[in-house]
Each structure stands twice: as structure tokens, then as C-alpha cells.
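> with the input below, show me the fold.
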Amino acid sequence: MATTSTLSRFINCSKKQLNLDTVLLNGQSFRWKKYNSFLIGIAVNRIWKCWREDETKIGYQVLGRFSNSNFDDEKVLMDYFQLNVDLGKLYENWQTVDSHFDSVIKSTFSEGRFEGIRILKQPLLETILSFICSANNNISRISRIRILKQPLLETILSFICSANNNISRISNMVNNLAILYGEKMDLEVDVGEGPVQMSFFNFPTMEQLIDGLDTMETKLKEKGFGYRAKYIAKTVEKLKNEKDGFDGFQKRIEMMDYLEANKEIQKLDGIGPKVADCVCLMALGHHHVVPVDTHVFQITATHYLPQLKNNKSVTDAVYKQIGSFYSEKFGSHAGWAHSVLFSTRLKRFKENPKKPVKKKKKT
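Next up is the predicted model:
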């Protein structure tokens, strides 16, 4: 049974530990939107309203709870942001072991923009399906990222939706999955300009996806999923046929080490090494894993392994070499560290906010 609430609560968390805007809008999750100073989204079977209250704490409201949620909201949110991980200590270590990393953080140009961006821990199924739709995408992944802890099912499906795609289209696909198969809740939400009527759809459970499996590929193609429609339908079917179903699959894969889990995830349709690594990093807690794309390759060749400049593509051998390099250099949370370096490739961080923007002359 769905429930609603508007009680405001607060969590002690400095800006250096959590940058809400960047973490929730950088393409890790596709269920959040910004309204004025508030971020509103759906995560872990809840509708959240979050904001930065001051330098030392964040505020949140649980606007609604879908029928398959429990009521330990603060613990759920802290787990989602993985606030048990102290970014300050990690950064001190990374700056000590890597002069390039240190120069990026100390740059007067950065001015704190690389602080407090965590990687979310996300639902497995949603992450997998979303990232199938986002491989080779142009999602803005920002620096000092704190990994969000997200559910396995959601993680799988979300990453499927991310292959060869951009963040706006991925968001539409993930939301369409929720609209087609998930639970709906209509609410009036105050976003600073009076109440606004909004409709929210929870990411579907495995049972809800199975119920729609017979017509899934056709419906998803009608919604513009293209070739990903087949991948998603086949992934749902494979997970349905797993011993003990999806729950059994999740328990089994969570017990595996990184290499075993990565290999198992790649057995699903539409998933290669990079997407499998994204799932391992964001849904399974393998924090040392570094997903390698063209941006990471270019950073590595420019600043760390110049001999790679002669490579025209990221072969399996080069992929493993780069992943091993970062893991050895940055240690247990190398996947988080590489996200900081990744952000230096993004347009929004190449533009100096203090530099006046030249206005185009009227013709």
C-alpha cells in the first residue's frame, strides 16, 4: 500500500562529502529532476525531495512510499549515497600517491567543484537495463563522484538503456519502463512556487516485468527503444529463468568476487565489459573497478601511460591494462578516483565560471 508524507528531516553532511546536484544529475541515476533549489526523484521505492540546507547538512522529505518500501528512510538514503565512505580520507590518499590528481584538486579553476560527488549504490536490474542503453554515451560524469548504492534489478535494466545514447534519451527510456510496468502515484508537490500536480512511477519489480514479458519487445519498440527493446526483453526472460528467479540470481552474484560477477553479467544480452564494470561498480560494491571508455583511455594515455597513444582502439588487453593500472595506483576505491579524472574531460568543467561570456554581436 502506498503512503505519503511531507515531514522535513536533516542529515549532517558537508558539501565536501556530498554535492547533491552533481551526484543526482550526472547520469548515474536517471530518475531525478531539479526544480528551483530542490531535487525530486524516485529511488529505493520512494519519492524524494532533497536539498542543501546549509554548509553542514542536507534536507529531505519522503513525499511518497510505494507499496514495496519499508519506513527506515534515513538509513535508506544514507545507504543510497554511501555516506559511510569518508571522501576526505580517500582524497588525501589519492593526492599523496598521484601528482596529477593533486594538481586537479588544487587548481584554482576547480574551486571546490570536484568535491562531494559520490557514486550512487543503485538497484541491480535498473542499473543493468539503463546502462545497456548508455554504453558509448555522452553522459556527464562529474568529478569526486560518490557512488550511489542502487538496487541490482534497476541497475541492470537502466544500463541496458544507456548504450549509444545521451542522458535525456536514457532518462526517457528508463521512465518509460516505469510508466509501462511500474506502480503509479499522483502527488501535489511544492517546489518553491506553490503546489504542482505530478505523477510518479516506481521502477518495476521483476514480477511486474514478467507479467508484461509477452508483449514487452513490441511495446518498447513503439516507445523508441530500438534494438535495445530486444536486449531488455531477453534480459528479463533470462533472469526469470534463473534458478530461484531474480532473487536467487542477485544473492548468487553478490557472493561472487569481481571477476566472477563481471563474467556472469556479460552473459546477459547487450552487455559488454564496460557495462558489466559499471554494474559491478554501482550495484555490487566493487569500488576498485574502473569502467574504461574513450575518455578514460585518452586521460590515461595523456597523463599516465603515454605508450598507449599508438593504440587506435581499446582492445581487451588495453582495457585490462588500464583497469589494473588505476586499481594499483588508487587502491580500494579506484572506481571513485577515476571519476574525478573523468570529469576533467567534460565541457562544463572546461569553462571557467568567472570568465565573462562573450555575447554574440547582433547582425
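> all the helices of the stretch 151-300 of the chain, in order from the start?
Remark: helices assigned in the stretch 151-300 of the chain by DSSP state H, counting those that start in this stretch are 152-160, 167-181, 206-211, 213-222, 228-240, 245-254, 258-265, 273-282, 294-303.
> and the fifth one, what's its mean pLDDT?
This predicted structure assigns helix 228-240 an average pLDDT of 93.
> extract the CA atoms of it and return them as PDB.
The C-alpha trace of helix 228-240 is given here as PDB (Å, rounded to 0.1, in the frame of the first residue of the first chain):
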ATOM      1  CA  ARG A 228      17.500  -2.200 -27.000                       C
ATOM      2  CA  ALA A 229      13.900  -3.500 -26.800                       C
ATOM      3  CA  LYS A 230      15.100  -7.000 -27.700                       C
ATOM      4  CA  TYR A 231      18.000  -6.800 -25.200                       C
ATOM      5  CA  ILE A 232      15.700  -5.800 -22.400                       C
ATOM      6  CA  ALA A 233      13.100  -8.400 -23.100                       C
ATOM      7  CA  LYS A 234      15.800 -11.100 -23.400                       C
ATOM      8  CA  THR A 235      17.400 -10.000 -20.200                       C
ATOM      9  CA  VAL A 236      14.100 -10.100 -18.300                       C
ATOM     10  CA  GLU A 237      13.400 -13.600 -19.700                       C
ATOM     11  CA  LYS A 238      16.900 -14.900 -18.700                       C
ATOM     12  CA  LEU A 239      16.600 -13.500 -15.200                       C
ATOM     13  CA  LYS A 240      13.100 -15.100 -15.000                       C
END
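> am I right that residue 228 is in contact with residue 132?
Yes. The criterion here is CB atoms under 8 Å, and residue 228 meets it with residue 132 at 6.0 Å. Using the backbone N, CA and C atoms, a C-beta is placed for each residue, glycine as well.
> between the two, which one's more packed in?
residue 132 (34 against 25; other CB atoms under 10 Å).
> tell me the contacts of the more buried one?
Residue 132 sits next to 156-157, 159-163, 228, 231-232, 235, 269-271, 275 when contact means CB atoms under 8 Å, 6 or more residues apart in numbering.
> now, which of those sits nearest residue 217?
For these, the residue nearest residue 217 by CB to CB is residue 232; the value is 7.8 Å.
> tell me, how many residues neighbour the closest one?
Residue 232 has 26 nearby residues by other CB under 10 Å.
> which ones are touching it?
129, 132, 157, 160-161, 177, 216-217, 220, 225, 270.
> rewinding a little: would you reformat the helices of the stretch 151-300 of the chain as JSON lines and include distance to residue 87?
Formatted as JSON lines, the helices of the stretch 151-300 of the chain follow (distance: least, CB to CB, whole Å):
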{"stretch": "helix 152-160", "distance to residue 87": "22"}
{"stretch": "helix 167-181", "distance to residue 87": "24"}
{"stretch": "helix 206-211", "distance to residue 87": "33"}
{"stretch": "helix 213-222", "distance to residue 87": "38"}
{"stretch": "helix 228-240", "distance to residue 87": "33"}
{"stretch": "helix 245-254", "distance to residue 87": "24"}
{"stretch": "helix 258-265", "distance to residue 87": "22"}
{"stretch": "helix 273-282", "distance to residue 87": "16"}
{"stretch": "helix 294-303", "distance to residue 87": "20"}
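> of those, which is nearest residue 336?
helix 273-282 (8.6 Å).
> for the residue nearest to residue 338 when sequence neighbours are not counted, give its distance to residue 10.
Residue nearest to residue 338 in three dimensions, not counting chain neighbours: residue 290, with 4.6 Å by CB to CB, 6 or more residues apart in numbering. Computed as CB to CB, to the nearest Å, the residue 290 to residue 10 distance reads 34 Å.
> list phi and psi for the closest residue to residue 333 other than its chain neighbours.
Distances taken as CB to CB, 6+ apart place residue 287 nearest to residue 333, at 4.5 Å, with adjacent residues excluded. Phi and psi for residue 287, reported as degrees, to the nearest 10, are phi -70, psi -20.
> ok, how many other residues are close to residue 287?
Neighbours of residue 287 under the rule other CB under 10 Å: 23.
> in the chain, what secondary structure element scores lowest on mean pLDDT?
strand 146-147 (a mean of 50; mean pLDDT, DSSP states H and E).
> tell me the one of the contacts of residue 132 nearest residue 193?
The nearest member of the contacts of residue 132 to residue 193, counting by CB to CB, is residue 161 at 31.5 Å.
> hmm, residue 170 and the closest one touching each other?
Yes. Judged on CB under 8 Å, residue 161 makes contact with residue 170 at a distance of 5.4 Å.
> report the contact partners of the residue nearest to residue 338.
Applying CB under 8 Å, 6+ apart to residue 290 gives the contacts 277, 281, 296, 322-323, 326-327, 334-335, 338.
> and the longest strand seen in the chain, how far out from the chain's middle?
Longest strand of the chain, by residue count under DSSP state E: strand 57-65. The chain centre lies 20 Å from the centre of strand 57-65; the measure is CA atoms, centre = their mean, to the nearest Å.
> for it, which strands pair with it and how are they oriented?
Sheet pairing for strand 57-65, assigned by DSSP bridges, gives strand 3-4 (antiparallel), strand 9-12 (antiparallel), strand 46-52 (antiparallel).
> so how far is the last one from its chain's centroid?
On the basis of CA atoms, centre = their mean, the separation between the geometric centre of strand 46-52 and that of its chain is 16 Å.
> could you pull up phi and psi at residue 205?
With angles defined as degrees, to the nearest 10, residue 205 sits at phi -80, psi 170.
> distance of it from residue 52?
Relative to residue 52, and taking CB to CB, residue 205 is found at 32 Å.
> repeat for residue 277
Computed as CB to CB, the residue 277 to residue 52 distance reads 31 Å.
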